[in-house]
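**Student:** Sequence and predicted structure below; questions after.
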Amino acid sequence: MTQEILISGRNLQRHYRRGSEIVRALDGVDIEVRRGESLCVVGQSGSGKTTLINLLSALDAPTAGELSICGRRVDGLPEAALTAVRRGLLGYVFQQFHLIPTLTVAENVALPLLLLGKKPDPAEINRVLESIGLAERARHLPRELSGGQMQRTAIGRALIVRPRVLIADEPTGNLDRATGEAIFGLFLQAVQRDGVALVLTTHNSSLAERCDRAVTLQDGRISGERRRAAA
Ligand SMILES: Nc1ncnc2c1ncn2[C@@H]1O[C@H](COP(=O)(O)OP(=O)(O)O)[C@@H](O)[C@H]1O
Ligand SMILES: [Mg+2]
């Protein structure tokens, strides 16, 4: 069965200028992300993982190449249009959580709805809080949470808009191993239950092995791809 393609990148390039030198952080990457799949991007530090994730999540634009997100060509779009695509279709989780310190857990989760001009529905907020295991912490402030709970809140904030794709750059990088495992389980739960596609980077190979697919980057190119054997 062929699943709907949600993100498609062709010959993606992202070059940075460093002094007089051009750094080819991405140098011709072809990638597809399908509905309901989990895709992990691995590779050594500096191989281009964050650069790729930032393109796939419309946080940054390619220097060259074609990129479509949910059927829309996004290469060449101005910043404001990229932001609109990102807010409506994608949920992004940062390694450093990026919660608003003065807002409660429930308010942090509801924030993307306000940015979309939607009125938060308390039942919907509660559904998400339940799904991330934080219903009891709804009125707490971020500083009253553990690292794992902060990352759960960040995942709730990504899920509240019912994104087509959930994207995360090293989401367990700041967490101890057991907490990271639990957080990873939440991501997989979103794939299995909500049918979102998941794209993440990790340094943890045992987490990468649990994704449907893993692509390895080396010097800005894909050097390998592994598909998980059917169970
Ligand atoms: N803003 C930038 N300016 C210049 N070079 C950058 C910038 N961001 C990343 N790079 C370079 O691009 C390459 C890939 O970086 P990155 O995507 O962060 O890799 P990874 O996430 O795999 O560690 C590295 O050589 C890095 O130094
Ligand atoms: Mg990185």
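**Tutor:** Here it is on my side, so go on. Ligands and ions are numbered 1, 2, ... in the order given.

**Student:** So which bits of the chain are right by ligand 1?
**Tutor:** Proximity of the chain to ligand 1, by C-beta under 6 Å from any ligand atom, involves residues 16, 18, 23, 25, 43, 45, 46, 47, 48, 49, 50, 51. The way it works is simple: take the backbone N, C-alpha and C, and place the C-beta from them, glycine included.

**Student:** Which one of those is nearest to residue 97?
**Tutor:** residue 50 (16.2 Å; C-beta to C-beta).

**Student:** pLDDT wise, what is the closest one at?
**Tutor:** pLDDT, residue 50: 96.

**Student:** That one: what's it in contact with?
**Tutor:** Residue 50 makes contact with 169, 201, according to C-beta atoms under 8 Å, 6 or more residues apart in numbering.

**Student:** Could you pull out the buried residues of stretch 58-73?
**Tutor:** 58, 59, 60, 61, 62, 63, 65, 67, 68, 69, 70 (16 or more other C-beta atoms under 10 Å).

**Student:** And these, which is closest to ligand 1?
**Tutor:** Closest approach between these and ligand 1, by C-beta to the nearest ligand atom: residue 60, at 9.1 Å.

**Student:** Need the phi and psi values for the spatially closest residue to that closest one that is not a sequence neighbour.
**Tutor:** Excluding the flanking residues, the one nearest residue 60 by C-beta to C-beta, 6 or more residues apart in numbering is residue 54, at 4.0 Å. Backbone torsions of residue 54, given as degrees, to the nearest 10, read phi -70, psi -30.

**Student:** go on, residue 18?
**Tutor:** The phi/psi pair for residue 18 (degrees, to the nearest 10) is phi -130, psi 100.

**Student:** which regions of this protein lie under the pLDDT threshold?
**Tutor:** Along the chain, segments meeting pLDDT under 70 span 1-2, 230-231.

**Student:** Walking through it, point out its helices one by one.
**Tutor:** Applying DSSP state H to the chain gives helices spanning 49-56, 79-89, 105-115, 122-131, 147-159, 177-194, 205-208.

**Student:** For residue 6, find the nearest of the ones you listed.
**Tutor:** helix 79-89 (8.3 Å).

**Student:** Give me the contact list for that closest one.
**Tutor:** Against helix 79-89 from outside (C-beta under 8 Å, 6+ apart): 57-59, 61, 69-70, 72, 74, 77, 92, 112, 115-116, 161, 163-165.

**Student:** Report the inter-axis angle for that helix versus helix 105-115.
**Tutor:** Comparing the axes of helix 79-89 and helix 105-115 via axes from the mean of the first three to the mean of the last three C-alpha atoms, to 10 degrees yields an angle of 130 degrees.

**Student:** can you pull the contacts of the residue nearest to the spatial centre of the chain?
**Tutor:** The centroid of the chain falls nearest to residue 167 when counting by C-alpha atoms, centre = their mean (1.0 Å). Counting by C-beta under 8 Å, 6+ apart, residue 167 touches 53, 56, 57, 90, 91, 92, 93, 198, 199, 200.

**Student:** from the residues you listed, which is closest to ligand 2?
**Tutor:** residue 53 (7.6 Å; C-beta to the ion).

**Student:** residues touching that closest one, list them.
**Tutor:** 41, 167, 168, 169, 199, 200, 201.

**Student:** Same list as before, the residues you listed that is, but in TSV and with distance to ligand 2 included.
**Tutor:** TSV is the format used below for those (distance: C-beta to the ion, whole Å):
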residue	distance to ligand 2
41	9
167	13
168	11
169	6
199	13
200	11
201	6
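
**Student:** circling back: turn the buried residues of stretch 58-73 into TSV, columns for distance to residue 214.
**Tutor:** Listed next are the buried residues of stretch 58-73 as TSV, based on distance: C-beta to C-beta, whole Å:
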residue	distance to residue 214
58	23
59	22
60	22
61	25
62	22
63	25
65	22
67	21
68	22
69	21
70	23
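
**Student:** Please consider this matter closed, and thank you.
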